[in-house]
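J.: compute the structure for the input listed below.
(one chain, ligands or ions: 1)
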Amino acid sequence: MSQKRILVTGGAGFLGTNLTARLLAEGNHVICIDNFLSGLREHVEGFLDNPDYELIEHDIIDPIDLEVDEIYNLACAGSPPAYQANPIHTTKTCVHGILNMLELAKKNNATIMQASTSEVYGDPEIHPQVESYWGRVNPIGIRSCYDEGKRCAETLFLDYYRQHNLDIKIARIFNTYGPRMHANDGRVVSNFIVQALKGEDITIYGDGQQSRSFCYVDDLVEGIVRLLHSGYHEPVNIGNPDEITIADFAEEIIQLTGTDQKVIYKELPMNDPKQRQTDISRAIKLLGWEPKIGRAEGLKRTYAYFQSLSQAELNEKDHYDFDKFIVK
Ligand code: UDP
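T.: Prediction:
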């Protein structure tokens, strides 16, 4: 079989680097596009010597011409503080960027997968969230740039399928964690572990009774690779259904890290969903996929990853510089 040319947009991000490692290990040629707003250069350095790896510094909101067989469209800041730092750019990434990638796929007759999100369900009234649920999203809140952007991206994907018969796939990705997460991106898994490592208090937003279900990144990557190769065009939830409240999650991190810091409570961000749990019946049925790595093992590996970072990397505020979003 001839080698595939696979484009990974957002290839320097958390999911992008984990996916790239997998695709290169399978002998593919990987082209990474990243604008390095939230992607980290040090996370792609290890790939640069590989002759099957190409790095293109580019923002997908501008068109680009490439020869590709498959596209994983992962480009978009995923952490709330990051995507809210320049919300107009976030929407552009999900609309202008998506149009550029869909046109590229059309020109190449390539299969294209969109990294959609559980955020399309908003603050849901249906629990757990099943793909047929249309969601409850505030169109004018501070999360809307991401939530509505990702919803519009799904619309465009399905319209390219219906209008141009493009081979599209949509993965609705639920909270994901694991090695190569950014230490300072503001998400709960990295925040709690990094706070424990730095000897800082653990910050729970609100009363901690809101829930999430966390998927280990290797499971997520397996799920999206299977989805891209499936013949299915409707959205598919990819996540781990094991739900936990944020307060209980903080307890787990305290046990794991042995930190003697206290838990402090901060204000709950606006429109923060109260509960979130994935229903993966569709993924099980269509892809024969379900997560294999439970939270105990996944968190152990993630903690080991953060322990391997230097104090400078953990402390460096510039390591992940939200001000960059404001400039553009
Ligand atoms: N959260 C928290 N403390 C933190 C960071 C986040 O309690 O230091 C909460 C946040 O309010 C949300 C949940 O943890 O209810 C998950 O937040 P995250 O930003 O990881 O993901 P998302 O809200 O996009 O699911």
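
J.: just for the chain, where's the confidence low?
T.: For the chain, the stretches flagged by pLDDT under 70 are 1, 316-328.

J.: the ligand contacts on that one?
T.: Counting by C-beta under 6 Å from any ligand atom, the residues of the chain close to the ligand are 79-80, 175, 187-188, 191, 203-205, 210, 212, 246, 268-269, 272. All C-beta spots, glycine's among them, are computed from the backbone N, C-alpha and C.

J.: pick out whichever of those sits closest to Val236.
T.: Nearest to Val236 among the residues of the chain next to the ligand: Asn175, at 16.3 Å, using C-beta to C-beta.

J.: OK, now which residue of the stretch 1-150 of the chain is nearest to the ligand?
T.: Nearest residue of the stretch 1-150 of the chain to the ligand, counting by C-beta to the nearest ligand atom: Pro80, 5.0 Å away.

J.: how about the stretch 201-328 of the chain?
T.: Closest to the ligand within the stretch 201-328 of the chain is Tyr205: 3.6 Å, counting by C-beta to the nearest ligand atom.

J.: is that residue in a bridge, and if so with what?
T.: For Tyr205, the beta-bridge partners are Lys266 (DSSP bridges).

J.: correct me if wrong: it contacts Lys266.
T.: Yes: applying C-beta atoms under 8 Å, one finds Tyr205 in contact with Lys266, separated by 5.2 Å.

J.: which of the two has more neighbours?
T.: Using other C-beta atoms under 10 Å as the criterion, Tyr205 and Lys266 rank with Tyr205 on top: 15 against 10.

J.: tell me who's in contact with that one.
T.: With contacts defined as C-beta atoms under 8 Å, 6 or more residues apart in numbering, Tyr205 is in contact with Ile246, Tyr265, Lys266, Glu267, Leu268, Pro269, Asp272.

J.: among those residues, which ones are buried?
T.: For those, a neighbour count by 16 or more other C-beta atoms under 10 Å gives the buried set as Ile246.

J.: TSV for the contacts of Tyr205, including distance to Gln311?
T.: Shown next, in TSV, are these (distance: C-beta to C-beta, whole Å):
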residue	distance to Gln311
Ile246	26
Tyr265	27
Lys266	24
Glu267	29
Leu268	30
Pro269	28
Asp272	30
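
J.: show me which of the contacts of Tyr205 is closest to Gln195.
T.: Proximity of the contacts of Tyr205 to Gln195 (C-beta to C-beta) peaks at Lys266, which lies at 11.9 Å.

J.: who are the packing partners of the helix or strand encompassing Ile112?
T.: Here Ile112, judged by DSSP states H and E, is contained in strand 111-117. In terms of contacts (3 or more C-beta pairs under 8 Å, 6 or more residues apart in numbering; DSSP states H and E), strand 111-117 is packed against strand 70-73, helix 87-108, helix 144-164, strand 168-173, helix 217-228.

J.: and stretch 52-72, end to end?
T.: Stretch 52-72 stretches 17 Å from its first residue to its last (C-alpha to C-alpha, to the nearest Å).

J.: just the buried residues of that stretch, please?
T.: Buried residues in stretch 52-72, counted by 16+ other C-beta under 10 Å: 53-55, 58-61, 64, 66, 68-72.
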